[in-house]
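>>> Using only what follows, build the 3D model:
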Amino acid sequence: QVQLVESGGGLVQAGGSLRLSCAASGRTFSSYGMGWFRHAPGKEREFVAAIKWTAYNTYYADSVKGRFTISRDNAKNTLYLQMNSLQPEDTAVYYCAAARASGSYSPRGPYDYWGQGTQVTVSS
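Residues are numbered from 1 along each chain as shown. Next up, the predicted model:
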């Protein structure tokens, strides 16, 4: 069982930055592929970024490539999402998710565990 708790969301003006964190419980964080997803009102949940358990492989949605950076600190059991050049269309609830490491891991899912989400609001 893995519990995930996101933090770092808030209100920011367009062009600003935020860093989201996702703290994971348990001793096996380094055995999970991790992802960030977002869900905006009236839209389907959207893949944002993912990182494999080794941290050497990262994946991004086209909409955030070049602006967002996913990273992890396995010693601290923490996942990060650095978001720069934020735009109003980035407004959403952001969720982190964990998937057990396997040969069939796919950055877009499925994921085994989800956090409760953190709100990011970007004003124009």
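>>> give me the number of residues near Q13?
Applying other Cβ atoms under 10 Å, we find 10 residues neighbouring Q13. C-beta: built from backbone N, CA, C; applies to glycine.
>>> Mind checking the pLDDT average for stretch 63-74?
For stretch 63-74, mean pLDDT is 97.
>>> CA atoms only for it, dumped as PDB, please.
Output of stretch 63-74 as PDB, limited to C-alpha atoms (Å, rounded to 0.1, in the frame of the first residue of the first chain):
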ATOM      1  CA  SER A  63       1.000  20.800 -23.800                       C
ATOM      2  CA  VAL A  64       3.600  21.100 -21.000                       C
ATOM      3  CA  LYS A  65       6.800  20.000 -22.700                       C
ATOM      4  CA  GLY A  66       9.500  22.700 -22.200                       C
ATOM      5  CA  ARG A  67       7.600  24.300 -19.400                       C
ATOM      6  CA  PHE A  68       7.200  21.600 -16.800                       C
ATOM      7  CA  THR A  69       9.800  19.300 -15.300                       C
ATOM      8  CA  ILE A  70       9.200  16.100 -13.300                       C
ATOM      9  CA  SER A  71      11.700  14.800 -10.900                       C
ATOM     10  CA  ARG A  72      11.900  12.500  -7.900                       C
ATOM     11  CA  ASP A  73      14.100  12.100  -4.800                       C
ATOM     12  CA  ASN A  74      13.900   8.500  -3.900                       C
END
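>>> Buried residues, it. List them.
Buried residues in stretch 63-74, defined by neighbour count with 16 or more other Cβ atoms under 10 Å: V64, F68, T69, I70, R72.
>>> For this protein, which segments are assigned as helices?
Using DSSP state H, no helices are assigned anywhere in the chain.
>>> Among the buried residues of stretch 63-74, which are located in strands?
Cross-referencing the buried residues of stretch 63-74 against strands under DSSP state E gives F68, T69, I70, R72.
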